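In: Need a 3D model of the following:
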Amino acid sequence: MIFTFVGVDVSKETLEVAWAGKTPTLRFPNTTEGRSDLLASLLKGRAPQEVQVVLEPTSTYHLHLWLALVRAGIPCTVVNPAQTTDYGRSLGRRLKTDKADAKLLASYGAERKPEASQPPDEAQEHLKALRRHKEWLEAQAQATRNRLEAAQHSPWTPQAVTRSLQQTLKDLERQVQETQETLDRLVPRMSGGSGLWRSWSPFLGSAGTRRCCSSRSCPG
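Out: Residues are numbered from 1 along each chain as shown. Predicted coordinates:
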């Protein structure tokens, strides 16, 4: 079986693709259609197990591609950028473009043969996103409280400003509550009645924002 490593340089708008040992690269838009075309290109004349993709995490822009690869059965390594930077230095690499980065990732895969990364747990990622959003809402609510308190202590604050801040705070507090209720519904569904999950229940209340369930170290 011929095994091929493919490097993909991910950006918000594009996916630059390079095959190990080949000079040309291909560019696809980082969209649903573009990712579908990329998968078709990878699987042209190959089984999913005959190709492995190497990419670096780029904010959240790589996640849809990673998930698409997992669902297609194509192994994917999400490599630490520090590792590829060190590898590039060892080759005396100076040029940094999308094409050069894709080729470097392909070369890194072919030479180092890294293991495929553990696929993301979609349910856990969903919980993590909800937790992060709730924390952001809480921070915004606290900032609004502080601003409202300061405004109320100023003789120059118009009533319109005070009313606006009060309404903003009310809306934020409502969204915090709604997000917590969503977490409250999801956690029991994921637990499946597990005794291990029940043993953790004291830590999963509103005050804890279901914090442990939204981390990689979550039991189960």
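In: gap between the residue positioned nearest the centre of the chain and residue 66?
Out: In the chain, the residue lying closest to the centroid (Cα atoms, centre = their mean) is residue 60, at 4.3 Å. Residue 60 is 10 Å from residue 66, where distance means Cβ to Cβ, to the nearest Å. To be clear about C-beta, it is placed using only N, CA and C from the backbone, and glycine gets the same treatment.
In: Map the structural domains onto the sequence of this protein.
Out: By the record's domain assignment, the chain is partitioned as 4-112, 122-214 (automatic domain parsing).
In: Just put these in TSV and tack on mean pLDDT.
Out: Shown next, in TSV, are those (pLDDT from 0 to 100):
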stretch	mean pLDDT
domain 4-112	94
domain 122-214	81
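In: on that earlier part again, in which helix or strand would I find the residue nearest to the centre of the chain?
Out: Here residue 60 is covered by no helix or strand, with elements defined by DSSP states H and E.
In: what about it, distance to residue 30?
Out: Going from residue 60 to residue 30 by Cβ to Cβ gives 11 Å.
In: for the chain, what spans make up the helices?
Out: Assigned by DSSP state H, the chain shows helices spanning 32-42, 63-72, 81-90, 98-112, 122-152, 159-191, 195-199.
In: export those helices to JSON lines and tack on distance to residue 19 and mean neighbour count?
Out: Below are those laid out as JSON lines (distance: least, Cβ to Cβ, whole Å; neighbours: other Cβ atoms under 10 Å):
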{"stretch": "helix 32-42", "distance to residue 19": "9", "mean neighbour count": "15"}
{"stretch": "helix 63-72", "distance to residue 19": "15", "mean neighbour count": "17"}
{"stretch": "helix 81-90", "distance to residue 19": "17", "mean neighbour count": "14"}
{"stretch": "helix 98-112", "distance to residue 19": "6", "mean neighbour count": "21"}
{"stretch": "helix 122-152", "distance to residue 19": "29", "mean neighbour count": "15"}
{"stretch": "helix 159-191", "distance to residue 19": "39", "mean neighbour count": "14"}
{"stretch": "helix 195-199", "distance to residue 19": "45", "mean neighbour count": "11"}
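In: Which one of these lies nearest to residue 56?
Out: Proximity to residue 56 (Cβ to Cβ) singles out helix 81-90 among those, at 4.9 Å.
In: tell me the angle of that closest one relative to helix 98-112?
Out: 90 degrees (axes from the mean of the first three to the mean of the last three Cα atoms, to 10 degrees).
In: all numbers from here: first residue = 338
Out: In the new count, where the first residue is 338, that last one comes out as helix 418-427.
In: Which elements pack onto helix 418-427?
Out: helix 435-449 (3 or more Cβ pairs under 8 Å, 6 or more residues apart in numbering; DSSP states H and E).
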